[in-house]
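Participant: prediction below, plus the sequence it came from.
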Amino acid sequence: MGRHHPTEITVLSATALGGPSDITGNFVIAPLRCVQDREFWRVHRSITCIINCKGRHNGKGPWYPREALAQATVIHIDVDAPAGLDIHFAMAKSMAEITLKDGKDVLVHCQQSFHRCPPICAGLYQSICGVHYQVWKAAYRLTQGLQNMFGNTFRRQWKGF
């Protein structure tokens, strides 16, 4: 029997843990199956930046509904390709910072939302808001109760930042 993983969408204010007051947007963490649902985009109209932590497989990113592509810019971060990680992360940081300062939301997603999203989101949060990733990690663990989210996968992927 497989483990049950959460399907809920997490919204975290960019100022929830401190940081500059001119940042008014939110980080939204969601699994790919939610991101690919048209209803998700009808509800989350304030998302204008998508950070895909799943990467590009076979040179292509995941399929997004027309509604998503009409309202958001997509940045791909391939955490399995260390050679380009710094450049992709810098692009994601720049786009996320502009989006958050504009009062819009940044969607961070991977396949299931609990492997790659937390370290990428923590890295973005730390570099944009100046909040140490341990604070982000503790707050996220407390508020969501996702006890396995920040295990070995988090530590292994965090080393790249």
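Facilitator: Ah, there it is. Residues are numbered from 1 along each chain as shown.
Participant: CA only for contacts and neighbour counts going forward, please
Facilitator: Noted.
Participant: what is Thr73 paired to in the beta sheet?
Facilitator: Judged by DSSP bridges, the bridge partners of Thr73 are Cys49.
Participant: counting neighbours, what do you get for it?
Facilitator: With neighbours defined by other Cα atoms under 10 Å, the count for Thr73 comes to 15.
Participant: got the contact list for it?
Facilitator: Thr48, Cys49, Ile50 (Cα atoms under 8 Å, 6 or more residues apart in numbering).
Participant: in this structure the last one contacts Cys110, no?
Facilitator: This points to Ile50. No: judged on Cα atoms under 8 Å, Ile50 makes no contact with Cys110 at a distance of 10.5 Å.
Participant: can you give me the helices in the chain?
Facilitator: Using DSSP state H, the helices of the chain run over 32-35, 38-43, 66-71, 82-101, 117-129, 133-144, 152-158.
Participant: quick one: mean pLDDT for the second one?
Facilitator: Within the predicted structure, the mean pLDDT of helix 38-43 is 92.
Participant: buried residues, it. List them.
Facilitator: Neighbour counts over helix 38-43 (16 or more other Cα atoms under 10 Å) mark Phe40, Trp41 as buried.
Participant: helices or strands next to it in the packing?
Facilitator: Under the contact criterion of 3 or more Cα pairs under 8 Å, 6 or more residues apart in numbering; DSSP states H and E, helix 38-43 touches helix 66-71.
Participant: least trustworthy helix or strand in the chain by mean pLDDT?
Facilitator: Within the chain, no helix or strand scores below helix 152-158, which has a mean of 41 by mean pLDDT, DSSP states H and E.
Participant: what's the pLDDT at the residue nearest to the spatial centre of the chain?
Facilitator: When Cα atoms, centre = their mean is applied to the chain, the residue found nearest the centroid is Val108 (2.2 Å). You'll see Val108 listed with a pLDDT of 92.
Participant: show me the contacts for it.
Facilitator: Phe27, Val28, Ile29, Ala30, Ile50, Ile51, Asn52, Cys53, Cys117, Ile120, Cys121.
Participant: one more: Cys53?
Facilitator: Cys53 neighbours (Cα under 8 Å, 6+ apart): His76, Ile77, Asp78, Val79, Val108, His109, Cys110, Arg116, Cys117, Ile120.
Participant: can you pick the most crowded of those?
Facilitator: Busiest of these [other Cα under 10 Å] is Val108, holding 29 neighbours.
Participant: how far away is that one from Thr24?
Facilitator: Counting by Cα to Cα, to the nearest Å, the gap from Val108 to Thr24 is 17 Å.
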